[in-house]
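Q: okay, sequence plus prediction incoming.
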Amino acid sequence: MTKKDKIVSFLFDKLLSESTREKTEKIILKVAIFSFFIHLALIYFMKFDVIDLLSNSDLLKNPISAVYTPFSFILIYEVYLLIYYLPKSFTTYITKQYQIITLIIIRKLFKDLSALELTADWFEIKGDLQFTYDLVASLLLFYLIFLFQKQGKRKATQDTKIKPIIERFVERKKLIAVILVPLFFAIALYTLIDWSTGISVYSNTLPSFESINNLFFDQFFTVLILVDVVLLLISFFSTDQFHKIIRNSGFVISTILIRMSFGVSGLISTILIVVAVLFGLAIIVIHNKYENDALNN
């Protein structure tokens, strides 16, 4: 083992070992619970005129919207899990991408629930319509991810032998994962500071909800596109099989479609997300058919 490999292995054990994952999970869950009660307290303090702070925000008008905050911390943990699974399983890594975008929609649903207008004009009110789209999309994504995981498990059972060249590929993925941990932390810190400077103290207003909902994750998926491209290029060292190249390329396209959804709003954004996951599922289903055909011949 070279000196570089030893350093990567040491950092990987410190940042992405099973024990580190368990500690991170406990910390995030405690912070999530604490943040929920803080958010809830702010809502009731405003309701009873104890404080008058950022009264324009939809996130501070209804107790249901308090769920938005702990969900944000759960999403942070999901980002960590995505990096954690990157060296272990490529399909699990992609699954985590899909789970993160689905949780973002679920988180948005909690905010939208607090602002629903229950009238006979449901299909004429823009907010209620978007809530309906997101509700249907979350169910559809939930099922598509289930199918994707099943296909990923089928592939995993076929890979019974780990070749030395695959082990080298795993080591390279470990290096990428070690780099991603501080990189995503830096992006999260930068976006938080940048967003905070956008809060107007004098007008007592928050930036738009869309900017809050997309906070960090538009940059996050931009980086994921670059990571997926690097993984695609590195995979050429371990295989030149057509179906594997198409699978990895398809996953890059899927990530790009998810990233594009942050640049638009409304129904188009929801459609892009569903199409991205549907495309990824189609790619892995066809890939597995190629694998089965190769085993049978």
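A: Nice, thanks for sending it over. Residues are numbered from 1 along each chain as shown.
Q: may I have the secondary structure class of residue 240?
A: coil (DSSP: H, G, I helix; E, B strand; the rest coil).
Q: contact partners for it?
A: If a contact means Cβ atoms under 8 Å, 6 or more residues apart in numbering, then residue 240 has no contacts. The C-beta positions use only the backbone N, C-alpha and C, and glycine is treated the same way.
Q: quick one, phi/psi of it?
A: phi -120, psi 20 (degrees, to the nearest 10).
Q: any idea which helix or strand comes after the strand or helix carrying residue 72?
A: Using DSSP states H and E, residue 72 falls within helix 68-85. Once helix 68-85 ends, the next helix or strand along the chain (criterion: DSSP H and E) is helix 90-113.
Q: so for the helix or strand that that following helix is followed by, mean pLDDT?
A: Under the assignment DSSP H and E, the closest C-terminal helix or strand after helix 90-113 is helix 126-158. Taken as a whole, helix 126-158 has a mean pLDDT of 84.
Q: returning to what we had before: could the C-alpha coordinates of the helix holding residue 72 be exported in PDB?
A: What follows is helix 68-85, C-alpha atoms only, in PDB (Å, rounded to 0.1, in the frame of the first residue of the first chain):
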ATOM      1  CA  TYR A  68     -39.900  21.800   7.300                       C
ATOM      2  CA  THR A  69     -36.900  22.500   9.500                       C
ATOM      3  CA  PRO A  70     -36.200  19.000  10.900                       C
ATOM      4  CA  PHE A  71     -36.700  17.600   7.400                       C
ATOM      5  CA  SER A  72     -33.900  20.000   6.300                       C
ATOM      6  CA  PHE A  73     -31.500  18.300   8.700                       C
ATOM      7  CA  ILE A  74     -32.700  14.900   7.700                       C
ATOM      8  CA  LEU A  75     -31.700  15.900   4.100                       C
ATOM      9  CA  ILE A  76     -28.300  16.800   5.300                       C
ATOM     10  CA  TYR A  77     -27.900  13.300   6.700                       C
ATOM     11  CA  GLU A  78     -29.100  11.900   3.400                       C
ATOM     12  CA  VAL A  79     -26.300  13.900   1.700                       C
ATOM     13  CA  TYR A  80     -23.800  12.300   4.100                       C
ATOM     14  CA  LEU A  81     -25.300   8.800   3.300                       C
ATOM     15  CA  LEU A  82     -24.900   9.400  -0.400                       C
ATOM     16  CA  ILE A  83     -21.200  10.000   0.100                       C
ATOM     17  CA  TYR A  84     -21.000   7.100   2.500                       C
ATOM     18  CA  TYR A  85     -22.500   4.700   0.000                       C
END
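Q: mind listing residues that contact that helix?
A: 16, 21, 24-25, 28-29, 31-33, 35-36, 38-39, 59, 92-93, 96-97, 99-100, 103-104, 106-107, 110-111, 177, 180-181, 184, 188, 217, 220.
Q: can I have the buried ones of those as a PyMOL selection?
A: Buried residues among these (16 or more other Cβ atoms under 10 Å), as a PyMOL selection:
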select buried, resi 16+21+24+28+31+32+35+36+39+59+92+93+96+97+99+100+103+104+106+107+110+111+177+180+181+184+188+217+220
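Q: what stretches of the protein score poorly on pLDDT?
A: 1, 52-58, 114-115, 117-126, 154-163, 195-196, 198-214, 297 (pLDDT under 70).
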